[in-house]
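Peer 1: Take this sequence and fold it.
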Amino acid sequence: MATQFNQIHPSALETKNKEAKSCLDACVKGFFINGEGKEININNLLNNCLANTKAYAPDYQFHVIPVGGEDCKIEIRNESILDAVYRLVITEGRQNVCALNAANAFYPGGSFRTEARAPEETLCRSSALYYSLIQKPEYYDYNMMKGSKAASNYIIYSQDCPTWKVGNYKVLNEPFLVSYISSSPVDRWGSKPEDDEKLNEMNDERIKSILLCAIENGVKNLVLGAYGCGAYRNDPAVISETFRKYLIDQNLKSHFQYITFSITGLSRNIEAFQNTFHIHAV
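Peer 2: You can find the predicted model right below:
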């Protein structure tokens, strides 16, 4: 029996954002028109991604050996997540590449059908990520049920997601494959100072789960970012220290060949990660 996938609702195709619409059209039709005007079939790639999309509930126990055997290089780069995955897969020819998608906890793709330009929206307008996310409604249902902006430590892993736009939505001649880990950072908007410790603990657990999810799924080249340090108002010093705690102090970096913190926007975010990891941004 053929696998039945959750389909893109027709109302989603009514978006006025042309990049979102072209991406959704490609997912529905199973092909996109490349920069040379040729029809590029992505149906098999798309079906493989959807069939291998996984959801990890907050109580899931990842199975990871304490120490890996890789000699990991860590960089900090002033580049977008999308530019980073293109660089790793296409320019450098790396395999087993995965990027962190700081996801909206309640709506697949956040506001990607509007003019919003946050990283998740950009990724969903450039790939089949949105189609992958809607395969796991339990992620959004659970966070809705909790009724808190802090959401939960739920994760969606989108394996080998076809991606065919880069930069300012330039359409490529051929798609490339990259996996995505979608996890929602704590939204601190309106939070009280007395909640800081509890919210920091929540982000700590999420960052740990992100890294363990990547390891369990065989990721070797990982694109991270300033997780929740923009609109969600998390402190980049705390977030970067949490990443350091697991990657350096607990040596989870030994499972990866390469990690980049690809950060754009607020300069204080890059500065915080530089100070924490004692690395100058490239």
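
Peer 1: And stretch 56-72, end to end?
Peer 2: 26 Å (CA to CA, to the nearest Å).

Peer 1: same thing with stretch 110-121?
Peer 2: For stretch 110-121, the first and last residues are 6 Å from each other (CA to CA).

Peer 1: And stretch 143-161, by the same measure?
Peer 2: End-to-end distance for stretch 143-161: 24 Å, by CA to CA.

Peer 1: So for it, what gets flagged as buried?
Peer 2: Within stretch 143-161, the residues that qualify as buried are 143, 149-161, counting by 16 or more other CB atoms under 10 Å. All C-beta atoms are positioned from the backbone trio N, CA, C, and that covers glycine.

Peer 1: and it, how far out from the chain's middle?
Peer 2: Put simply, stretch 143-161 sits 12 Å off its chain's centre (CA atoms, centre = their mean, to the nearest Å).

Peer 1: So for that stretch, mean pLDDT?
Peer 2: Stretch 143-161 shows a mean pLDDT of 96.

Peer 1: farthest pair in the buried residues of stretch 143-161?
Peer 2: Greatest spatial distance among the buried residues of stretch 143-161 (CB to CB): K149 and D160, at 31.7 Å.

Peer 1: Next, A281: secondary structure please.
Peer 2: Assigned with DSSP: H, G, I helix; E, B strand; the rest coil, A281 falls in the coil class.

Peer 1: and if you look at Y157?
Peer 2: strand.

Peer 1: Next up, the contacts around the spatially closest residue to it that is not a sequence neighbour.
Peer 2: Nearest non-adjacent residue to Y157, counting by CB to CB, 6 or more residues apart in numbering: K54, 4.5 Å away. Contact analysis of K54 by CB atoms under 8 Å, 6 or more residues apart in numbering lists K136, I156, Y157, Q159.

Peer 1: Quick one: the helices in the stretch 101-250 of the chain, in order.
Peer 2: Secondary structure of the stretch 101-250 of the chain, counting by DSSP state H, counting those that start in this stretch: helices at 119-124, 129-133, 137-146, 196-216, 236-244.

Peer 1: quick one: contacts of the strand or helix carrying I40?
Peer 2: Assigned by DSSP states H and E, I40 falls within strand 39-41. The contact list for strand 39-41, computed with CB under 8 Å, 6+ apart, reads G30, F31, F32, I33, N34, W164, N173, E174, P175.

Peer 1: how many other residues sit next to K192?
Peer 2: Neighbours of K192 under the rule other CB atoms under 10 Å: 8.

Peer 1: that older thread, out of the contacts of K54, which one sits closest to E75?
Peer 2: Nearest to E75 among these: Y157, at 23.3 Å, using CB to CB.

Peer 1: who's in contact with the closest one?
Peer 2: By CB under 8 Å, 6+ apart, the residues touching Y157 are T53, K54, A55, Y56, S179, Y180, I181, S182, C213, N217.

Peer 1: residue ranges of the strands in the stretch 1-150 of the chain, please?
Peer 2: 31-33, 39-41, 54-56, 73-77, 97-102 (DSSP state E, counting those that start in this stretch).

Peer 1: Can you add mean pLDDT and distance to S267 and give those back as JSON lines?
Peer 2: Output for the strands of the stretch 1-150 of the chain, formatted as JSON lines (pLDDT from 0 to 100; distance: least, CB to CB, whole Å):
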{"stretch": "strand 31-33", "mean pLDDT": "98", "distance to S267": "35"}
{"stretch": "strand 39-41", "mean pLDDT": "98", "distance to S267": "38"}
{"stretch": "strand 54-56", "mean pLDDT": "99", "distance to S267": "34"}
{"stretch": "strand 73-77", "mean pLDDT": "98", "distance to S267": "12"}
{"stretch": "strand 97-102", "mean pLDDT": "98", "distance to S267": "19"}
